[in-house]
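In: have a look at this fold, sequence not included:
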């Protein structure tokens, strides 16, 4: 078993966490999130061509008066991702864009992917994404509240908020796209981070019952050390899988796997440095869990 | 925890092998299969089109409320209720009447009320009126009246969408109702959805109307196919409802593609009468408010057969015939969401998905062997069994595998070892204090049980919520992640535990390193 003194670092770690948390909130509020067409509406076209330049595509589309047009390289040479901001529902827009591109580019154009989301649907998708994330947080809160004492509940939820907000903050900072798969990643992060927190909390509770004389800092420290090998091994295997998707899984999964990698790192950190110290601030002791037991068994 | 009865062992391995065997069905040739089950590939992997269509019943409501004007006026006259200021609005009628009590009685009568029928299912009338002041009222559809219009329009639209898509002949289309206003269409393998979109984008309301000489009241000014301004009478001689068949054909004289149609008996009668009475005049063929052509009536057409020409290409004639055969949509359909993936991107996605799965799998396996040696082998056996079971369950459920779904499988591989790691680490700790190795393993398993459950239930909750709220490809992720958790629990708690017990019980109390 390792014997690092984690609890001595709690204060510094918390200052860092709080700063990152608020910087993230400021970023999300003022810089905003870069919503993809799933949530903003619009048209996305992925095309493959022989030696076409992004500027050529941009020029073709500029003449069509489509509002905001974004063209960027996507994976291989000659592969591009085009995003068109669109106004209202227009059934004829996509065929027009396709025709103009096929006619104007001096190359065979293969339209590999075309997505179009109308304004109503995108608003609904955003809404259901937000509901899904809120609901998952609420469900976690409820589960932990049933399984543990309220102090643990609050601790784990703060850790979850910490993870989700900072992950989104990094996405905002790097202007990475938020789409449906990022929502899936965030939900999985919520699950993973909770999983990690629960393992440490389980051990803290067990140790609280075993060692009445130790105070919560020592208990937390002991529990984190006891479970540290597991924490690291699981993070490593999960990250191995995720890096494999990130590097080999293709462009479509890149954003998703990047969000997950961030989430696993932040989630692992927060189980140790956010969720555990909160128990200390709530002055959790063996009496906390004994009281609960009395309540259950009158 | 290490004692297994023979029957338990049998059940564990039976379940394991039974479910795992299903995974092999996916690699078999379809023809020589006893059980025809397979994981379906999502549109993002096999290529194809996903369309979400929305009906817009506004125009229908307007049309329906207008159709009430004459009957209501007649009702008022017949019952000697005086009215004035009769106004037709977009979705309501407003008028002033002198006897609201009498009107109310007639308007809301439940028996034989053809103007304002009583809908039994909803216990409500189709129409509703509200008093604006002492004698002014406004008539509009009730909430349930609107619902009835909407529902029947949606059902009819689905039927017609199905007919049109079947007629084009794509393989295995999925056409489903989504919510109150939407139709989901999935067209696997379709490379270019533009033709289908064009076909679904037309309501195809065909009307035969006479061309009038002057722009008197009761005519619309429409532009003909040659750019000529024509006054078209509002009276509809016959509409597409009376068509029983339409086929593209080539006119012999000048090789021009045309659409020939056959009318039902009623249509033939109407058409015959109109063409007899109006020889020498021009008959406009109006499709969705646009003139297709306006030929001269040279002679009465009483056979019930006719032909539409209009400078078509053969493709256009084929499509028009298809539209006329399938019938008119009650309302226009708008594509509110479209996702099309080309087949080559789908193939690339499968390739990169599978590659990252294999690489991720090998990395995890090597890492576990390095960390736990013999017990790493057990964990790895459990991991392989887990993967086979996961694919087996997906096969049994005939689930749809998407690219995020493959990511879910890879993630399961990464997270699945967690259960075994938790248990092994616990056993390591127990070995320090416990003298008997068997006891140490035993209590390791029982103590870790709660933690393993707690830890996995949290991820399962996330997966369930994602399944409920996610759409399309993301749902596929939720499915693999969720099922992965269950197979993980099974393999860690039954298979790995049994294998561990075999190792521990056979080595007796000799040194075991974990």
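Out: Right, received. Where do you want to start? Model, not experiment: these values are computed from the prediction.

In: the residue most central in space within chain A: which element?
Out: By CA atoms, centre = their mean, chain A has its centre lying nearest to residue A:186, at 3.5 Å. In this assignment (DSSP states H and E), residue A:186 forms part of helix A:180-210.

In: please see if that helix touches chain B.
Out: Yes - Helix A:180-210 reaches chain B (CB under 8 Å from any CB of the partner chain) through A:180-181, A:183-184, A:187-188, A:190-192, A:194-196, A:198-199, A:202-203. Bear in mind the C-beta positions are built from the backbone N, C-alpha and C, glycine included.

In: which among the residues you listed count as buried?
Out: By neighbour count, with 16 or more other CB atoms under 10 Å in any protein chain shown, the residues of helix A:180-210 next to chain B hold A:180-181, A:183-184, A:187-188, A:190-192, A:194-196, A:198-199, A:202-203 as buried.

In: what helix or strand is the residue nearest the centre of chain B on?
Out: By CA atoms, centre = their mean, chain B has its centre lying nearest to residue B:184, at 2.5 Å. Per DSSP H and E: residue B:184 is located in strand B:182-188.

In: tell me what angle the helix or strand just after that strand forms with strand B:182-188.
Out: Later in the chain than strand B:182-188, the nearest helix or strand by DSSP H and E is helix B:194-201. For helix B:194-201 against strand B:182-188, the angle by axes from the mean of the first three to the mean of the last three CA atoms, to 10 degrees is 160 degrees.

In: on that earlier part again, residues contacting the residue nearest to the centre of chain A?
Out: Contacts for residue A:186 were tallied using CB atoms under 8 Å, 6 or more residues apart in numbering or on different chains; they are A:133, A:164, A:167-168, A:259, A:263.

In: need the residues you listed in CSV (columns: secondary structure, pLDDT and neighbour count).
Out: Formatted as CSV, the contacts of residue A:186 follow (DSSP: H, G, I helix; E, B strand; the rest coil; pLDDT from 0 to 100; neighbours: other CB atoms under 10 Å in any protein chain shown):
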residue, secondary structure, pLDDT, neighbour count
A:133, helix, 90, 20
A:164, helix, 95, 22
A:167, helix, 96, 25
A:168, helix, 95, 22
A:259, helix, 96, 25
A:263, helix, 95, 26
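
In: name the nearest of the residues you listed relative to residue B:99.
Out: Closest to residue B:99 out of those is residue A:133 (58.7 Å), distances taken as CB to CB.

In: quick one: the closest one and residue A:163 touch, right?
Out: No - with contact defined as CB atoms under 8 Å, residue A:133 does not reach residue A:163; the gap is 11.6 Å.

In: quick one: common contacting residues for these two?
Out: Common neighbours of residue A:133 and residue A:163 (CB under 8 Å, 6+ apart) are residue A:190.

In: so what secondary structure elements neighbour the longest helix anywhere in chain A?
Out: Counting residues, the longest helix found in chain A (DSSP state H) is helix A:216-248. Applying 3 or more CB pairs under 8 Å, 6 or more residues apart in numbering or on different chains; DSSP states H and E, we find helix A:216-248 packed against helix A:180-210, helix A:254-270, helix A:276-281, helix B:343-396, helix B:403-433.

In: which parts of chain A belong to which domain?
Out: A:7-36+A:122-296, A:42-117 (automatic domain parsing).

In: just say which of those is most tucked in.
Out: domain A:7-36+A:122-296 (a mean of 20; mean count of other CB atoms under 10 Å in any protein chain shown).
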